[in-house]
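missing the sequence, but the structure's below:
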């Protein structure tokens, strides 16, 4: 099983139009600061195409 944010990072590099987001994330596995940094990095790599499940 692949980790979700890593997979989205790969998709962000190889696509340019799809919106990227996870329905479920393992938020209890990582320190909140590390998770914030991962999600912010993904948002920068994808040029703002990362979306949260609530939007």
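Received the coordinates, thanks. Not measured: the values here are computed from a predicted model. Residues are numbered from 1 along each chain as shown.

Figure out the helix or strand that residue 5 lives in.
helix 4-14 (DSSP states H and E).

Could I get the buried residue list for the following helix or strand past that helix?
Elements were assigned by DSSP H and E; along the chain past helix 4-14, the next helix or strand is helix 32-45. Judged by neighbour count (16 or more other Cβ atoms under 10 Å), helix 32-45 contains these buried residues: 35, 38, 39, 42, 45. Using the backbone N, CA and C atoms, a C-beta is placed for each residue, glycine as well.

show me what contacts the fourth one?
Pointing back at residue 42 there. 5, 8, 9, 12, 20, 50 (Cβ atoms under 8 Å, 6 or more residues apart in numbering).

which residues of the protein score low on pLDDT?
1, 53-55 (pLDDT under 70).

make it 80
1-2, 24-27, 52-55 (pLDDT under 80).

Just give me the residue closest to the centre of it.
Most central in the chain under Cα atoms, centre = their mean is residue 5, positioned 4.2 Å from the mean C-alpha point.

Was I right to think that one contacts residue 37?
No. With contact defined as Cβ atoms under 8 Å, residue 5 does not reach residue 37; the gap is 10.5 Å.

what about residue 46, how many neighbours?
By other Cβ atoms under 10 Å, 21 other residues sit near residue 46.

Would you mind listing the residues in contact with it?
8, 12, 20.

Against residue 35, how distant is it?
Look at residue 46 and residue 35: by Cβ to Cβ, to the nearest Å, they are 16 Å apart.

Likewise for residue 14?
Taking Cβ to Cβ, one finds residue 14 at 23 Å from residue 35.

What about residue 8, how many residues nearby?
21.

again with residue 24
7.

separation between it and residue 5?
For residue 24 relative to residue 5 (Cβ to Cβ), the value is 12 Å.

Perfect, I'm done here.
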